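> here is a sequence together with a model predicted from it:
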Amino acid sequence: MTATALASLLGSFSSRSIAVLGDFCVDYYLTIDPTGSEISVETGLPTRAVREARLSAGGAGNVVANLAALRVGRIAAFGTVGDDPFGRELVGLLASLGADTDGLLEQKEGWHTSVYTKLYEGEREHERVDYGNFNVLSPATMEALLLRLEERLPSFDAIVINQQVRSGIHTPSFREGLSRLIARHPDCIFLVDSRSYSDDYAGAYRKLNSHEGARLCGIASAPSERIGQEAAVGIAESLYRRWTRPLFLSRGEQGCLVRDEDGLHEIAGLLISGPTDPVGAGDAMLSGIAAALAAGSNPEAAAEIGNFAAAVTVRKLYQTGTASPHEILAIGAEPDYRYRPDLASAPGAARLLPGSEIEVVTPLRSAATVRYLLFDNDGTISTLRQGWELVMEPMMVEAVLGERAITCQPSVRERVVQAVRELIDRTTGVQTIVQMQELIDLVRRFGMVDEQNLLTAAGYKRVYNDRIIGLVETRLARLAAGELDRSDFTMKGATAFLEDLVRRGIKLYLASGTDQKDVEREAEALGYARFFEGRIFGSIGDVANDPKREVLRRIMAEIREGSAIVTFGDGPVEMRETRKAGGYAVGVASDEVRRWGLNLAKRSRLIQAGADLVVPDFCQGARIVDLLGLDRQRKEQQ
């Protein structure tokens with residue numbers, strides 16, 4: 001979907017009408033502060049003092065909140081609340097979102113509004129306190145609810161059916177009545193998201209996750225178990241044969257499978273930079289799908305919108321987030337997809353060129369003529385900065401802990417170290433200034449440094465650069481003294497490979513997230529700057545203009561029809577940008593300590609970022625030349 005088409009579709013939501021029928025709940029958050037506790041006179045026990053309390057709409061209410069965030073024109077809620085303060089508060093919350101609550105019926109007897117009370121003390125979450133687990137839907141309420149929905153059915157473009165709790169509205173009698181209603185209106189779009197009753201409601205579309213689908217197919221799977229592509233496809237096909245209606249099988253970070261009358265469609269997951277929180281992602285995906293279906297999209301396009309919406313919400317930490325059209329467009333205009341996750345996690349499934357260590361993920365188009373090669377620097381050609389992670393980690397840990405670096409508990413330090421390592425692992429290959437922006441978020445998250453003592457991203461970058469430059473200077477000094485050789489700081493076979501390419505008339509570019517002056521000086525010191533003839537591009541500290549992306553776009557503007565660009569790099573950034581530019585991405589899964597051989601962790605990251613070819617080093621440069629067709633091109637030119 002183009003950015004223009006995406007913007008047009010999102011803009012059309014404002015003219016659509018969607019009903020949400022389901023289990024409406026309240027999420028009640030209490031922040032406990034022990035400093036306010038006192039001993040109860042009545043019991044002699046310490047009290048739990050609440051510093052902060054807040055309410056939000058949960059269950060089907062969160063679906064309404066997501067539809068409202070998507071700017072759907074009219075949203076109507078159909079469900080049941082109790083004659084209690086939480087019920088009245090819930091109706092007010094939904095009304096404040098712009099929802100029509102005439103279909104939210106109050107049952108005075110045998111019903112308490114469903115409430116999930118969540119108690120937090122620091123970073124610890126206590127046992128939840130729930131209301132509504134013993135609700136019994138009365139026949140009168142059931143009949144009134146179904147009648148009110150059917151009376152207004154012609155005014156809706158889609159109806160979302162939510163089932164959240166077993167003691168909610170979805171009793172056997174209600175399910176039978178709703179199934180008959182669906183059968184009477186075959187032209188209406190009913191979209192079911194049910195934890196327990198997906199097999200009911202014949203004639204409806206279904207959205208479910210892969211573990212729910214596995215259970216319906218009699219396949220045992222633990223919640224933490226990853227369901228692979230082949231198994232997920234089998235589940236989708238089996239359920240489509242059973243239901244014969246479109247279904248959406250969500251797979252978390254692996255995206256979504258859609259099965260409809262046109263066949264099976266795979267919606268790739270998105271590569272998310274930054275920490276994530278999956279709470280609410282399912283409702284965001286459901287709402288995106290529903291809004292797109294209501295706007296006339298086919299199931300495949302609707303799943304794409306749902307995928308974007310979920311990707312927005314998982315970036316919103318410690319909240320049940322929603323996604324606005326603006327936020328979806330920011331991701332969907334140039335999405336970063338997660339490619340081949342199953343292959344990435346299975347080194348044994350690699351297809352190697354016979355007699356080589358070169359893994360072919362996607363063959364190069366035979367008709368393409370390679371005229372331009374772009375190389376990343378650090379970790380691809382140079383190992384001068386090998387061990388940068390060991391410099392960045394303590395620097396970031398110190399930044400997060402601030403003055404508490406010495407006095408903090410070991411358990412706190414360990415949590416910080418784990419968070420820093422996760423940040424570094426996830427952002428390998430991006431500009432240092434971007435990593436430092438994420439560091440600021442991490443410092444704020446742990447809250448050990450006062451806001452006035454926070455440095456800017458540029459300030460943290462200076463602290464890191466001072467340390468890494470010290471490491472590089474020491475190595476360059478040993479190089480200048482003759483104690484070490486240039487080959488000690490370059491990947492095996494890299495220099496010979498570059499020289500061979502230049503002889504073949506290939507124009508070479510070097511692009512790096514390292515600062516411009518530093519990458520130029522280091523390439524000169526290691527003896528390969530001459531191969532690039534001034535086409536060396538480094539970071540200038542501008543977050544909006546990543547050097548790799550900018551160089552790729554510049555080259556693409558020069559490329560003649562029938563020509564191709566090939567990028568070599570050891571980080572996800574250059575793989576993603578090359579895929580977007582229509583080039584061929586060669587992932588260099590390098591072991592920077594040995595300077596030869598395969599790094600399995602890099603292999604996984606590179607394949608998921610879109611690598612078409614994976615090589616461990618340049619020892620087999622002649623095979624790479626042959627695979628890229630450079631020998632053939634040279635003969636044709638002669």
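Structure received.
> quick one: list the elements packing against the longest helix seen in the chain.
Longest helix in the chain by number of residues, with DSSP state H as the criterion: helix 457-480. Packed against helix 457-480 by the contact rule (3 or more C-beta pairs under 8 Å, 6 or more residues apart in numbering; DSSP states H and E) you find helix 388-401, helix 432-446, helix 516-525. Using the backbone N, CA and C atoms, a C-beta is placed for each residue, glycine as well.
> dump those helices into a markdown table; add mean neighbour count and distance to Ala140 as well.
Formatted as a markdown table, the helices and strands packed on helix 457-480 follow (neighbours: other C-beta atoms under 10 Å; distance: least, C-beta to C-beta, whole Å):
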| stretch | mean neighbour count | distance to Ala140 |
| --- | --- | --- |
| helix 388-401 | 18 | 58 |
| helix 432-446 | 19 | 50 |
| helix 516-525 | 18 | 74 |
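> which of these sits closest to Asn465?
helix 432-446 (7.4 Å; C-beta to C-beta).
> hmm, back to that, for Val165, which of the helices and strands packed on helix 457-480 is the nearest?
Closest among the helices and strands packed on helix 457-480, using C-beta to C-beta: helix 432-446, at 31.7 Å.
> the longest helix of the chain: how far from the chain's middle?
Relative to its parent chain, helix 457-480 has a centroid offset of 32 Å by C-alpha atoms, centre = their mean, to the nearest Å.
> contacting residues for the residue nearest the centre of the chain?
Note on the chain: the residue nearest the mean C-alpha position is Ile272, at 3.4 Å, using C-alpha atoms, centre = their mean. By C-beta atoms under 8 Å, 6 or more residues apart in numbering, the contact set of Ile272 is 253, 311, 314-315.
> how about Ala76?
17-20, 99-100, 102-103, 152, 156.
> may I ask which two of these are separated the most?
Distance extremes for the contacts of Ala76: the farthest pair is Ile18 and Asp102 at 15.0 Å, using C-beta to C-beta.
> who has more neighbours, these two?
Between Ile18 and Asp102, Ile18 has the larger neighbour count (other C-beta atoms under 10 Å), namely 27 against 11.
> which stretches of the stretch 251-400 of the chain form strands?
255-260, 263-270, 337-338, 359-360, 369-376 (DSSP state E, counting those that start in this stretch).
> Gln516 is nearest to which of these?
strand 369-376 (14.6 Å).
> which helices and strands does the closest one pack with?
strand 507-515, helix 547-558, strand 563-569, helix 572-580, helix 630-637.
> identify, out of those, the most deeply packed stretch.
helix 572-580 (a mean of 26; mean count of other C-beta atoms under 10 Å).
> can you tell me how far Gly218 is from Ala231?
Remark: distance between Gly218 and Ala231 (C-beta to C-beta, to the nearest Å) = 12 Å.
> look at those two and report which has more neighbours.
Ala231 (17 against 7).
> beta-bridge partners for Leu249, please?
Leu208, Leu257 (DSSP bridges).
> what residue ranges in the stretch 451-600 of the chain score low on pLDDT?
541-548, 552, 556, 558-563 (pLDDT under 70).
> switch the cut-off to 90
Scanning the stretch 451-600 of the chain for pLDDT under 90 picks out the ranges 458, 465, 469-470, 504-507, 511-516, 534, 537-565, 571-574, 576-583.
> surely Arg175 and Asp199 touch.
No - the pair Arg175 and Asp199 does not pass the contact test of C-beta atoms under 8 Å, sitting 10.0 Å apart.
> more neighbours: the two, which one.
Using other C-beta under 10 Å, the more surrounded residue of Arg175 and Asp199 is Arg175, with 17 against 12.
> need phi/psi at the nearest residue to that one once chain neighbours are set aside.
Setting aside the residues directly before and after it, Arg175 is nearest to Asp200 in space (C-beta to C-beta, 6 or more residues apart in numbering), at 4.9 Å. Dihedral pair for Asp200: phi -80, psi -180, per degrees, to the nearest 10.
> buried stuff in the longest helix of the chain?
457, 460-461, 464-465, 468, 471-472, 475-476, 479 (16 or more other C-beta atoms under 10 Å).
> and of the helices and strands packed on helix 457-480, who's closest to Phe248?
helix 432-446 (31.6 Å).
> dump that closest one to PDB, keeping only the CA atoms.
Output in PDB follows, covering the C-alpha atoms of helix 432-446 (Å, rounded to 0.1, in the frame of the first residue of the first chain):
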ATOM      1  CA  THR A 432      25.200   6.800  17.700                       C
ATOM      2  CA  ILE A 433      23.000   9.900  18.100                       C
ATOM      3  CA  VAL A 434      19.900   7.800  17.800                       C
ATOM      4  CA  GLN A 435      21.200   5.300  20.400                       C
ATOM      5  CA  MET A 436      21.700   8.300  22.800                       C
ATOM      6  CA  GLN A 437      18.200   9.400  22.200                       C
ATOM      7  CA  GLU A 438      17.000   6.000  23.400                       C
ATOM      8  CA  LEU A 439      19.400   6.300  26.400                       C
ATOM      9  CA  ILE A 440      17.600   9.400  27.500                       C
ATOM     10  CA  ASP A 441      14.300   7.500  27.500                       C
ATOM     11  CA  LEU A 442      15.900   4.700  29.500                       C
ATOM     12  CA  VAL A 443      17.300   7.200  32.100                       C
ATOM     13  CA  ARG A 444      13.800   8.700  32.500                       C
ATOM     14  CA  ARG A 445      12.200   5.200  32.800                       C
ATOM     15  CA  PHE A 446      14.400   4.300  35.800                       C
END
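> relative to the whole chain's centre, how far out is that helix?
That offset, for helix 432-446, works out to 18 Å (C-alpha atoms, centre = their mean).
> same check, this time on stretch 51-62
Worked out by C-alpha atoms, centre = their mean, stretch 51-62 lies 24 Å from the chain centre.
> any idea how this protein splits into domains?
3-338, 341-383+490-637, 388-480 (automatic domain parsing).
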